[in-house]
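**Q** I need the structure of the sequence given here:
(2 chains)
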2 protein chains.
Amino acid sequence: MSRQAYRGAVFHLLADPDDAGPEAVCHYDDGVLIVEDGIVVEAAPWSESTLSALGGVPVEHFPGKLIVPGFVDAHVHYPQLDVVAAPGGPLLEWLSRYVFPAEERYGHREVAQEAAHFFLDRLLQSGVTSALVFATAHKVSAEALFEEALARNMRILSGKVLMDTNAPPGISDTAETGYMESKALIREWHEKGRLGYAVSPRFALTSSPRQLELAGRLLAEHPGVLLHTHLSENLGEIAAVHRAFPDCPDYLAVYEKFGLVGNRSVFAHAVHLTEAEWGRFGKAGTAVAFCPSANLFLGSGLFDIAAAAKSGAAVALGSDVGAGTSLSPFAVMADAFKVCRMKHHPIDAFRLFYLAGLGAAKALRIDSYVGNFAPGKEADFVVLDAAELPLLARRLAGARKFSEQLFARAILGDERAVARTYVAGRRAYARKVAAPPV
Amino acid sequence: MSRQAYRGAVFHLLADPDDAGPEAVCHYDDGVLIVEDGIVVEAAPWSESTLSALGGVPVEHFPGKLIVPGFVDAHVHYPQLDVVAAPGGPLLEWLSRYVFPAEERYGHREVAQEAAHFFLDRLLQSGVTSALVFATAHKVSAEALFEEALARNMRILSGKVLMDTNAPPGISDTAETGYMESKALIREWHEKGRLGYAVSPRFALTSSPRQLELAGRLLAEHPGVLLHTHLSENLGEIAAVHRAFPDCPDYLAVYEKFGLVGNRSVFAHAVHLTEAEWGRFGKAGTAVAFCPSANLFLGSGLFDIAAAAKSGAAVALGSDVGAGTSLSPFAVMADAFKVCRMKHHPIDAFRLFYLAGLGAAKALRIDSYVGNFAPGKEADFVVLDAAELPLLARRLAGARKFSEQLFARAILGDERAVARTYVAGRRAYARKVAAPPV
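**A** Alright, predicted model coming up:
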């Protein structure tokens, strides 16, 4: 049994702040997070009695720093790190010009391993401890990611991509191989350590009806796995879906037809859903990954968070790298605020942190394990400061309310805001210390 | 006479890439920038003959780094550093709730001095060597900025704000004091060292007709100074301008009425100009500061770069901190790309660098001094790399074309991309070197 206490300012959310209001917010200016064998014992205010109650437990003190739960990225493509910030056209052109050629390389184990290693290091540097990740259609691309995530003991969800239509041969499978390989991967990796599997048809346009049907069968056969795909990102894409599935009244109906819309499904984007689609979406208990940076970068449109909230859908933030341009949850929160502001529905700091933390954990159905510091959860946490961000430091000093400080962290932060990242109680990342040049 | 050569990759623009096409682009994979007494001698490809021609000139070598002209910020408020990332409402609410109270403090010399010092240091850290800067209505706020800029030998343009209407007493002047103080400041600071003056009515809503008239008189009396103000940022603001100036057919007409629209004027925003306004705007040879981050953050709207280009107006990028959320020209370029993409008019890397460099220098009428490496210009330059940006480094290694690399720098960069900043040939900033934590 190994106990460790971390003293500093502590902030986490107990519930959705939109539902629970101020009751959702737990913040101690001087607090302590107590961890035992990688599990949260409690987060509490610091006091002398805490100290004595702890007895011989070692205390690491982070004066002036803020301890928060590890961030959760609800939608990201690790093989697209190689084409991030590619000056492509809108979605379909960008996919064929940049993404598909880049993904071809991921049939090579060493390419996938190197990228998975790099990707997970960048997540940890960004304070992201869990993510729902697209690989490529190559089985080995998912295996490499799972191996690297297992080695880091991270709670990572992924799966091989299913795509048997409208894609170059080098990144295609068939309905049958996609089904068989997914099954094998689920058997080997799902619930191994902290890993989880997501059945991952790329999107409606790159899977045959037969493949979508088999994706539905995979879901039905494996009650614990997720469904992860894209929905209604771009108007050109939506028009193409209508042409490809003339019997379906709308985009969501394509996925519904194959049993893919339920409370284990996570759809990225949903930028252009109709009111009818939102209604069914919410009723199904489905989750949406709102990817503001990617939606702006590809010019897809402005996500309607008010419609999503009204529908009752679980909403989470996704970086969507490589259409998104940063793995930092701060960059994503900043763009999320901007998109919501443009839609005349500005959101506050608690909502932003919820979407990038507990809310994302709920969307990925991993909130019984992570997302806040409830006793018994896995101790994934991040130590934040502003030592490397002078503008943020200035603003933090000037802002009177904690909510304003937190908002400034969301808007002005990036990887530099992360001093330490801990995974299941183990220090997995520590920021380098900058010194003046020689 | 002091000569110094800087070897590395070199990139600058000779003209507007939209007009001149590929001819505008000057790029050497292995080049050299030669500087003498703070002035550019030439930028050229590196070769053995260059070396021998240089004779005894010392050469500083930046292998793997890219030397570019210093960036130019065409619109920024230095007193708003204190309220950056404030969770306010749209423009007018945000101004009264956050900005005006913050600006009150700038009547104190020591407050203004400390902030000017901090601000200019941040500009240099961001690779920005010139800027058109709003101060506050206090004469001392402009003086403090000029003093600090003079000490750094930076090409900075600023002026005291004129605002005698709709503002708290602590940040108001009168038409007459505003006029007299501006005149005194022009006399003392305009063309002192590399400084320049900008007559700076905040915007139509905060100046009386008499004050706008006197602003026009200041312009007429001082042929070298600029006019710097805000225009058509937000729909609520525009409606209020219509109510305040019922005799003017549109917003631009208010400024035209007082002789403020000409080829020395720089208007921030212009998000909602009508076709008629754009027509007159372009014809007047006027410049616009496109402030994408601020426009997104305040939800003001999406700037129409196609309309601006069609009008013939000079377009430049502005960070517009504190409504903007970063002083980094990279952050501003990334948001500019996103806004243009959302308006279905994506722009390339050369255009982005033009808007943040030579184009901004043209907009501020300082392009005979800075903006590129034409012989005889002042040697403001920046040394860029990706040592502190692993995702950018990865993308640079993978991108085949220089234009794609440059695009990735624009989208993925921030202060960390800046290794060194030189002002008139003098090293003014060097990034700290990061070391693993002890």
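**Q** going forward, measure contacts between C-alpha atoms and count neighbours the same way
**A** Fine.
**Q** Now do the strands in the stretch 151-300 of chain A.
**A** In the stretch 151-300 of chain A, the segments counted as strands under DSSP state E, counting those that start in this stretch are A:155-159, A:161-162, A:196-201, A:226-231, A:265-269, A:287-290.
**Q** orientation of the third one relative to strand A:226-231 in degrees?
**A** Strand A:196-201 runs at 40 degrees relative to strand A:226-231, counting by axes from the mean of the first three to the mean of the last three Cα atoms, to 10 degrees.
**Q** neighbouring contacts of strand A:196-201?
**A** Applying Cα atoms under 8 Å, 6 or more residues apart in numbering or on different chains, the contact partners of strand A:196-201 are A:132, A:134, A:155-163, A:182, A:185-186, A:189-191, A:207, A:212, A:215, A:218-219, A:225-229.
**Q** so which of those residues are also by chain B?
**A** Checked against chain B using Cα under 8 Å from any Cα of the partner chain, these give no members in range.
**Q** picking that back up, I'd like the strands of the stretch 151-300 of chain A written out as CSV, with mean neighbour count added.
**A** As requested, these are exported to CSV (neighbours: other Cα atoms under 10 Å in any protein chain shown):
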stretch, mean neighbour count
strand A:155-159, 29
strand A:161-162, 30
strand A:196-201, 28
strand A:226-231, 25
strand A:265-269, 27
strand A:287-290, 30
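**Q** For the stretch 301-438 of chain A, which segments count as helices?
**A** Counting by DSSP state H, counting those that start in this stretch, the segments of the stretch 301-438 of chain A that form helices are A:305-311, A:329-342, A:349-355, A:358-363, A:390-398, A:402-412.
**Q** for the record, mean pLDDT for the fourth one?
**A** Averaging pLDDT along helix A:358-363 gives 98.
**Q** try stretch A:426-436
**A** According to the model, stretch A:426-436 has a mean pLDDT of 86.
**Q** How about stretch A:234-249?
**A** On average, stretch A:234-249 scores 97.
**Q** how about that stretch, does it get close to chain B?
**A** No. For stretch A:234-249, no contact with chain B is found by Cα under 8 Å from any Cα; the gap never falls below 11.5 Å.
**Q** who touches that stretch?
**A** Contacts for stretch A:234-249 (Cα under 8 Å, 6+ apart): A:90-92, A:204-205, A:232, A:250-251, A:254, A:271-272, A:300-301.
**Q** in the stretch 1-150 of chain A, what residue is nearest chain B?
**A** Of the stretch 1-150 of chain A, the residue with the smallest distance to chain B, taken as Cα to the nearest Cα, is A:Ala85 at 5.2 Å.
**Q** Of all the helices of the stretch 301-438 of chain A, which one comes closest to A:Thr50?
**A** Using Cα to Cα as the measure, helix A:402-412 is the one of these that comes nearest A:Thr50, at 23.5 Å.
**Q** The closest one: which residues count as buried?
**A** A:Glu404, A:Gln405, A:Leu406, A:Phe407, A:Ala408, A:Arg409, A:Ala410, A:Ile411, A:Leu412 (16 or more other Cα atoms under 10 Å in any protein chain shown).
**Q** Give me the average confidence score over it.
**A** In this model, helix A:402-412 has an average pLDDT of 97.
**Q** Point out the other elements, helices or strands, that it touches.
**A** The helices and strands touching helix A:402-412, judged by 3 or more Cα pairs under 8 Å, 6 or more residues apart in numbering or on different chains; DSSP states H and E, are helix A:329-342, helix A:349-355, helix A:390-398.
**Q** just to revisit the earlier point, any chance of the buried residues of helix A:402-412 in CSV, with distance to A:Phe337 too?
**A** What follows is the buried residues of helix A:402-412, written out as CSV (distance: Cα to Cα, whole Å):
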residue, distance to A:Phe337
A:Glu404, 14
A:Gln405, 15
A:Leu406, 13
A:Phe407, 10
A:Ala408, 11
A:Arg409, 12
A:Ala410, 9
A:Ile411, 8
A:Leu412, 12
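**Q** with the residues you listed in mind, which one is nearest to chain B?
**A** Within the set of the buried residues of helix A:402-412, A:Ala408 lies nearest chain B; the separation is 5.2 Å, counting by Cα to the nearest Cα.
**Q** Who are the contact partners of the closest one?
**A** Going by Cα under 8 Å, 6+ apart, the list of residues near A:Ala408 reads A:Leu392, A:Arg395, A:Leu396, B:Val84, B:Ala85, B:Ala86.
**Q** Skip the chain neighbours and tell me the closest residue to the third one.
**A** If you skip the residues right next to it in sequence, A:Leu396 has A:Gln405 as its closest partner in space, 5.3 Å away by Cα to Cα, 6 or more residues apart in numbering or on different chains.
**Q** could you dump the strands of the stretch 151-300 of chain A to TSV with mean pLDDT?
**A** Compiled in TSV, these are given as follows (pLDDT from 0 to 100):
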stretch	mean pLDDT
strand A:155-159	98
strand A:161-162	98
strand A:196-201	98
strand A:226-231	98
strand A:265-269	98
strand A:287-290	98
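**Q** Just the pLDDT at the residue positioned nearest the centre of chain A, thanks.
**A** By Cα atoms, centre = their mean, chain A has its centre lying nearest to A:Asp73, at 1.4 Å. Reading off the per-residue confidence, A:Asp73 sits at a pLDDT of 98.
**Q** How about the residues of the stretch 201-350 of chain A by chain B?
**A** Within the stretch 201-350 of chain A, the positions adjacent to chain B are A:296-301, A:325-326, A:337-339, A:341-344, A:348 by Cα under 8 Å from any Cα.
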